[in-house]
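Visitor: Fold the following.
(one chain, ligands or ions: 2)
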Amino acid sequence: MKKNTLIEKIDPDNIDSKVVEQFGKMLADGKTVIFPTETVYGLGANALDEQAASKIYIAKGRPSDNPLLVHVAEREDINPLVVDMDERAKKLIDRFWPGPLTIVFKKSDLIPKVTSGGLDTVAIRMPSDKVARALIKASGVPIAAPSANLSGKPSPTKPEHIIADMDGRVDGILVGGFCDFGVESTIVDLSDDVPMVLRPGAITLEMLKEVLGDVILDPSLSSHDDNIKAKAPGMKYKHYSPNANIFMVTGGIDRFVELSEFLLEMRANDEKKIAILCMKQNISRFEELKLKFKNVHVLSLGCTYEEVARNLFDVLIDLDRRNIDVAYAETFEETGIGVAIMNRLKKSAGYKFV
Ligand code: TXA
Ligand code: MG
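Guide: Ligands and ions are numbered 1, 2, ... in the order given. This is a model prediction of the structure:
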C-alpha cells in the first residue's frame, strides 16, 4: 500500500529544530524516516521496537536474515544495548566516533531479533552528520537504519536518489545534501583475537591498524567464491547493481583507451548505449572515441580517490537514468579508500574484469 510520505528539506548549517522534533516524534511513534548521514542516506526506525524495525525490511524489500545497523546519538547510548565492552572497542570509539565506523558488539536483550536478524550481536555506529545526530537525539531511541536504497540497488547519496525510489514507501523523508563520504561505514568485528573488517569504508585498514595493530580484511571480500561465507550477512547479497552491465578494465589508462576502441568497434552494430567511467583527468583521452561512436557517454568519477568514493553510487545510479546498457569502468589501487571503492565496484560489476 502506498504511504503518504512527508518530505521536508533541512539545512545542515541551520537546523530547524521544529522539523527535527516532528520527525523525531515520528520515529518514537514507530514510523519510518529516511535521513542523511555522512556516508549514505539511511532508512530509520526505532531499533528497540520489533514492529517498527520490521517496516524497514518491507520498505526496502530486504531479506529478513540481513541484520540492521543501529545508530546512536551519544557514546553512552550504547551501554544498555551491548554486553561486555572490549578495550579495543573503547579505543576505536575514542578515535573514530562520531564518524563512519561501525563496531559489532555482543547484544543485550534490549535489541529484538528483528533488528539483529537473529544474530546474538549488534552492529552500532554514532554518525557525525549533524542532522542525523539531532534526529536520533530528538527520537529518544536508538535508530536502526540500513542504507535507504531498494535492496540490491546502489546506496543513495543524493536527495533525488531517495525521492525517486522511496516516496510512498516510508512515512517521512528528511532531505539534506550530498553525503560527504559516499560509501557506507567501515564495519569492524572484534570477536576474534585479530580484528576483522567485514566491510571496507572511509575509515581505512591503515587507520584501524594505527589504533589496533594487526587488522585483517574478511577473506570472503577478496574472493567471489560463493562457498566462502561473508561475516556481514549483507555482503553475500547481490549489491550495488544498476541495470547496466558493468565491466572493470584493468591494466592502466592506456590499455583502457585501446581496449574501449576495440570493444566499441565490435559492438558498432548492436545499438547498445555504452558508458565509459573514468577519473576526471582521463576524460580527454576518450575524445576521439566520442567523435567516432555516437552512442558513448564518458562519465567522470572524480579527480581523487575521495571524490571517486563520494561520486561512485551517484554515477552508478546515473547509468540507469541514461538507460545505459553496458559500462566499462576504470579500476583503482586497493590501498586506503581504494579498498572500499573496489569492493563496491566489484560487486556492482558482478566481479567481471576485461
Ligand atoms: O554507513 C552506513 O553504515 C549506512 C548508514 C545509513 O549508516 N548504513 C548501512 O546499513 O550501510 P546496511 O544495512 O545497508 O549495511 C549494514 C551491513 C549489512 O551488510 C549487514 O549484514 C551488516 O552490516 N551487519 C549488521 N549487523 C551485523 C552484525 N551483527 N554482524 C555482522 N554484520 C552485521
Ligand atoms: Mg546497504
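
Visitor: List the buried residues in stretch 44-62.
Guide: The neighbour-count check on stretch 44-62 (16 or more other C-beta atoms under 10 Å) flags 44-49, 52-57, 59-60, 62 as buried. Glycine gets a C-beta too; all of them are placed from N, C-alpha and C.

Visitor: Check the offset of the helix or strand harbouring Glu265 from the chain's centre.
Guide: Glu265 belongs to helix 253-266 when elements are defined using DSSP states H and E. Taking C-alpha atoms, centre = their mean, to the nearest Å, the mean C-alpha location of helix 253-266 is offset from the chain mean by 31 Å.

Visitor: The chain should start at 377 in everything you say after this.
Guide: OK, 377 is where the count begins now, so the last one is helix 629-642.

Visitor: ok, and for that helix, which residues are buried?
Guide: If you call a residue buried by 16+ other C-beta under 10 Å, then helix 629-642 has these buried ones: 632-633, 635-636, 639-640.

Visitor: ditto for stretch 460-480
Guide: Of all the residues in stretch 460-480, those buried under the rule 16+ other C-beta under 10 Å are 465, 468-469, 472-480.

Visitor: if you look at the residues you listed, which of them are in strands?
Guide: In strands, judged by DSSP state E, the following of the buried residues of stretch 460-480 are found: 477-480.

Visitor: Closest to Ile454 out of those residues?
Guide: Each of these was checked against Ile454 using C-beta to C-beta; the closest is Ile479, at 8.7 Å.

Visitor: From ligand 1, how far off is that closest one?
Guide: Summarising the geometry, the distance separating Ile479 from ligand 1, computed by C-beta to the nearest ligand atom, to the nearest Å, is 10 Å.

Visitor: Is it correct that that residue is in contact with Arg464?
Guide: No. Using C-beta atoms under 8 Å, Ile479 is not in contact with Arg464; the gap is 9.1 Å.

Visitor: got any residues that touch both of those two?
Guide: Shared between the contact lists of Ile479 and Arg464 (criterion: C-beta atoms under 8 Å, 6 or more residues apart in numbering) are residues Leu566.

Visitor: quick one on the thing from earlier: can you pick out the most distant pair from the buried residues of stretch 460-480?
Guide: Pro474 and Val480 (17.7 Å).

Visitor: and Thr562, what is it in contact with?
Guide: Under the criterion of C-beta under 8 Å, 6+ apart, the contact list for Thr562 reads 476-478, 573, 575-580, 584, 716.

Visitor: Indicate the residue of the stretch 477-626 of the chain located nearest to ligand 1.
Guide: For the stretch 477-626 of the chain, the residue positioned closest to ligand 1 under C-beta to the nearest ligand atom is Gly610, at a distance of 2.1 Å.
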